[in-house]
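Student: no letters, just coordinates:
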């Protein structure tokens, strides 16, 4: 029978064969038989059109998410994607992909900007005011899945344009050598070692906290990051300075595997209460992150005259664009151009105050 009720239920269910001949059973969600029959007949026509006329089956957001997570199972930021997808579930849920339009995207964008609270084990809940970057990461997930559904899976023929929120251009956050020494003096010994090594190598947080002795050759003064550990998924060779080698020798013997262990295990969290207390004691902004030590390392290199293409290779950046944020700190190659002018000139080209006269005026 095509329509039926389950024992003890007042809801009508349907049973049909889809375009592939597979039996499909599902609830109609209604107690009214006429409405259930209408849904049944509509689905029957859709299955017939798919089989006989080649009409594509309508796919849901849930189906797309399942396939996306399966295909992206090796993605490093997959857990972050899952977090965004969980938030989106209440808005997209079982909707069909062809129902996702600009109006719905606008509603999602507006909702994502709303403040919310996160409960804490102790103390009052933490209030979160989502930034434009957070909103954009959520929208990017929607865009990525819809484009896969259109271009790769051929589930839909069109997808809506998804405008991104404008993100403010951030200044590179770095500290001076004096500030770094002050911060170090307020950290625990195990944090001091990691921070000093980070400032010597510019390695990302996890590449330091999970560094293994098998990745280090002290004789050749070299460390390396495997492709699966690197953000750009390319192996990185890390030349070690004398200071970096000294730090590693001091760590030798603390653990058979991990270079910077804490209680026998690699550190998983650096934004700790101790870190925040050290920032406050050192007079540094509370928003200064461990990752900003990498920015500090790069900034110092740029100030010391390291060419940007060399800095790119040292830092393992995939593109030169990522290194340009430090270009304003490196102006040595421009210095000799500054002194080429001999004085102020009129439109006609005559010197107004030649350099010799300016010097005489200053002395007078």
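Tutor: Nice, thanks for sending it over. Every value quoted in this text rests on a predicted model; they were computed, and no experiment measured them. Residues are numbered from 1 along each chain as shown.

Student: now the residue nearest the centre of the chain: how far from residue 207?
Tutor: Geometric centre of the chain, nearest residue: residue 77, 7.2 Å, by CA atoms, centre = their mean. Computed as CB to CB, to the nearest Å, the residue 77 to residue 207 distance reads 16 Å. Backbone N, C-alpha and C define where each C-beta goes, glycine included.

Student: again with residue 292
Tutor: Residue 292 sits at a distance of 15 Å from residue 207 (criterion: CB to CB).

Student: neighbour-wise, which of these two wins?
Tutor: It is residue 207, of residue 292 and residue 207, that has more neighbours when counted by other CB atoms under 10 Å, with 22 against 18.

Student: neighbours of residue 182, just the number please.
Tutor: Residues lying near residue 182 (other CB under 10 Å) number 16.

Student: can you say which helix or strand has it in it?
Tutor: Using DSSP states H and E, residue 182 falls within helix 177-185.

Student: I'd like the next helix or strand past that helix.
Tutor: Sequence-wise, the next helix or strand downstream of helix 177-185 (DSSP H and E) is helix 189-201.

Student: now tell me what touches that following helix from outside.
Tutor: With contacts defined as CB atoms under 8 Å, 6 or more residues apart in numbering, helix 189-201 is touched by 180, 183-184, 187, 203, 205, 208-209, 223, 238, 240-241, 243-244, 247-248, 250-251, 260-262, 267, 270, 274-275, 278, 290, 293-294, 296-297, 300.

Student: of the residues you listed, buried ones?
Tutor: Among these, those classed as buried by 16 or more other CB atoms under 10 Å are 180, 183-184, 187, 203, 205, 208-209, 223, 238, 240, 244, 247-248, 251, 260-262, 267, 270, 275, 278, 290, 293-294, 296-297, 300.

Student: just the ones of these in helices?
Tutor: Counting by DSSP state H, the part of these found in helices is 180, 183-184, 205, 208-209, 244, 247-248, 251, 275, 278, 293-294, 296-297, 300.

Student: in the chain, which spans are strands?
Tutor: In the chain, the strands defined using DSSP state E lie at 3-5, 12-17, 23-27, 116-118, 126-128, 216-217, 222-225, 236-239, 261-262, 265-266, 343-345, 351-354.

Student: what's the most buried one of those strands?
Tutor: Of all the strands of the chain, strand 222-225 carries the top mean neighbour count, a mean of 18, counting by mean count of other CB atoms under 10 Å.

Student: who does it touch, helix- and strand-wise?
Tutor: Here strand 222-225 touches strand 216-217, strand 236-239, going by 3 or more CB pairs under 8 Å, 6 or more residues apart in numbering; DSSP states H and E.

Student: the last one pairs with which strands?
Tutor: This means strand 236-239. Neighbouring strands of strand 236-239 in its sheet, by DSSP bridges, are strand 222-225 (antiparallel).

Student: show me what contacts residue 215?
Tutor: So residue 215 contacts 223, 224, 225, 226 (CB under 8 Å, 6+ apart).

Student: let me have these in JSON lines, extended by distance to residue 136 and pLDDT.
Tutor: Output for those, formatted as JSON lines (distance: CB to CB, whole Å; pLDDT from 0 to 100):
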{"residue": "223", "distance to residue 136": "34", "pLDDT": "95"}
{"residue": "224", "distance to residue 136": "34", "pLDDT": "94"}
{"residue": "225", "distance to residue 136": "28", "pLDDT": "93"}
{"residue": "226", "distance to residue 136": "30", "pLDDT": "91"}
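
Student: mind putting these into TSV with distance to residue 62?
Tutor: Listed next are the contacts of residue 215 as TSV, based on distance: CB to CB, whole Å:
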residue	distance to residue 62
223	44
224	42
225	37
226	35
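
Student: farthest pair within those?
Tutor: Farthest-apart pair in those is 223 and 226; separation 11.0 Å (CB to CB).

Student: residue contacts, residue 265?
Tutor: Residue 265 makes contacts with residue 258, as judged by CB under 8 Å, 6+ apart.

Student: so, low pLDDT: which residues of the chain?
Tutor: For the chain, residues meeting the criterion pLDDT under 70 lie at 1, 54-55, 332-364.

Student: outline the domain layout of it.
Tutor: Using automatic domain parsing, the domain ranges for the chain come out as 3-53, 61-152, 177-330, 337-364.

Student: and these: which comes nearest residue 165?
Tutor: Of these, nearest to residue 165 by CB to CB is domain 61-152, at 4.0 Å.

Student: for residue 229, see how far away residue 256 is.
Tutor: Taking CB to CB as the measure, residue 256 falls 19 Å from residue 229.

Student: of the two, who's got more company?
Tutor: residue 229 (19 against 9).

Student: chain neighbours aside, what residue packs nearest to that one?
Tutor: residue 207 (6.1 Å; CB to CB, 6 or more residues apart in numbering).
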